[in-house]
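>>> Next input, structure requested:
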Amino acid sequence: MQVKNYQIEIDKYLVLKYLGYKDKVPKDILDEVGECVDESYGFIKPAICFDQLKFKFKDGILLPDESIIKVQYIVEVLKRSDYIVMAVMTLGKEIEDKISTFFARNDYMKGMIYDVIGNVGLEYMGKRFWQELAEVAKKDGIGITQSLNPGTGGWKDIKDQSIIFNNLNTSLIGVELTDAFMMKPMKSLSMVYGIGKAVKTSLVDHDCAECPLIDCPYRKEVAKCIN
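Predicted coordinates for the structure are as follows:
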């Protein structure tokens with residue numbers, strides 16, 4: 001298993017977009033978002049742990065610890081892979097504390113700004129990590145799937161978070177799974193990728209076509225394949 005720390009970039013205009021601002025942004029909002037983005041670099045602690053796992057295809061995706069991924073859509077996506085990569089990434093506890101503090105003070109605007117900054121930061125990390133895996137796969141002449149995340153899209157069973165956490169030592173980056181199968185700190189993300197010769201590489205790291213929330217502000221274009 002590997003652990004990496006990341007230097008991430010927060011696009012303030014993407015933060016504004018996800019807050020619902022499009023063309024004309026009031027100067028006070030623009031300045032406030034810019035200040036929050038600048039301050040966030042001082043306390044977010046981006047880190048990721050991940051591992052490469054072989055599996056067997058037996059009534060699902062059978063992993064080395066004997067756990068099985070049985071969700072049909074996920075099985076169909078992964079079964080052609082030579083191996084899978086499991087990962088958990090986080091921005092750390094400090095941003096969660098910052099969000100809670102502002103909401104407790106009834107400063108809902110700043111609370112929402114930092115909440116969106118966290119989402120944008122995780123999105124950046126997810127894209128960057130997928131791109132790194134995709135570059136290695138391309139050099140090896142193989143492909144990689146989009147990221148697959150328990151509790152979203154075609155993988156609706158949030159309980160399958162436990163499969164990822166059973167195969168990774170997430171304590172190394174300070175992330176734990178609650179009894180409700182939610183990650184703590186909350187600005188964390190888990191994912192699985194399939195990699196192999198028979199896999200076609202997606203153009204995007206996450207396929208929003210599988211998600212029923214068509215009005216989601218974070219929605220991206222439908223994934224296509226590049227090989």
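>>> Isn't residue 201 up against residue 141?
No: here residue 201 lies out of contact with residue 141, judged by Cβ atoms under 8 Å, at a distance of 11.0 Å. For every residue, glycine as well, the C-beta is placed using N, CA and C.
>>> And these two? Which one has more around it.
Shown here are residue 201 and residue 141; by other Cβ atoms under 10 Å, residue 201 has more neighbours (20 against 8).
>>> Distance of the residue nearest to residue 62 when sequence neighbours are not counted relative to residue 133?
Excluding its sequence neighbours, the residue lying closest to residue 62 (Cβ to Cβ, 6 or more residues apart in numbering) is residue 56, at 4.3 Å. The gap separating residue 56 from residue 133 is 22 Å, by Cβ to Cβ, to the nearest Å.
>>> what's the longest helix in the chain?
In the chain, assigned by DSSP state H, the helix with the most residues is helix 108-139.
>>> could you say what helices and strands it packs with?
helix 12-18, helix 27-40, strand 47-53, strand 83-90, helix 93-104, strand 143-144, strand 188-196 (3 or more Cβ pairs under 8 Å, 6 or more residues apart in numbering; DSSP states H and E).
>>> want to throw those into JSON lines with mean neighbour count, distance to residue 61 and mean pLDDT?
Formatted as JSON lines, the helices and strands packed on helix 108-139 follow (neighbours: other Cβ atoms under 10 Å; distance: least, Cβ to Cβ, whole Å; pLDDT from 0 to 100):
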{"stretch": "helix 12-18", "mean neighbour count": "18", "distance to residue 61": "33", "mean pLDDT": "96"}
{"stretch": "helix 27-40", "mean neighbour count": "15", "distance to residue 61": "37", "mean pLDDT": "96"}
{"stretch": "strand 47-53", "mean neighbour count": "18", "distance to residue 61": "10", "mean pLDDT": "97"}
{"stretch": "strand 83-90", "mean neighbour count": "23", "distance to residue 61": "7", "mean pLDDT": "98"}
{"stretch": "helix 93-104", "mean neighbour count": "16", "distance to residue 61": "31", "mean pLDDT": "96"}
{"stretch": "strand 143-144", "mean neighbour count": "24", "distance to residue 61": "16", "mean pLDDT": "96"}
{"stretch": "strand 188-196", "mean neighbour count": "23", "distance to residue 61": "9", "mean pLDDT": "97"}
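>>> now for those, which one comes closest to residue 113?
Among the helices and strands packed on helix 108-139, helix 27-40 comes nearest to residue 113, with 4.7 Å by Cβ to Cβ.
>>> now that closest one and helix 108-139, what's the angle there?
Relative orientation of helix 27-40 versus helix 108-139 (axes from the mean of the first three to the mean of the last three Cα atoms, to 10 degrees): 60 degrees.
>>> how big is the angle separating helix 27-40 from helix 93-104?
Per the same axes, to 10 degrees, the angle that helix 27-40 makes with helix 93-104 is 140 degrees.
>>> who touches helix 27-40?
10, 12, 15-16, 19, 21, 95, 109-110, 113-114, 117, 121 (Cβ atoms under 8 Å, 6 or more residues apart in numbering).
>>> Tell me which two of those sit farthest apart.
For the contacts of helix 27-40, the farthest-apart pair by Cβ to Cβ is 21 and 95; their separation is 20.9 Å.
>>> returning to what we had before: tell me which of the contacts of helix 27-40 is nearest to residue 73?
residue 121 (27.8 Å).
>>> just checking, residue 87 touches residue 47?
No: if you go by Cβ under 8 Å, residue 87 and residue 47 don't touch, sitting 10.9 Å apart.
>>> in this protein, what secondary structure element scores lowest on mean pLDDT?
strand 56-57 (a mean of 92; mean pLDDT, DSSP states H and E).
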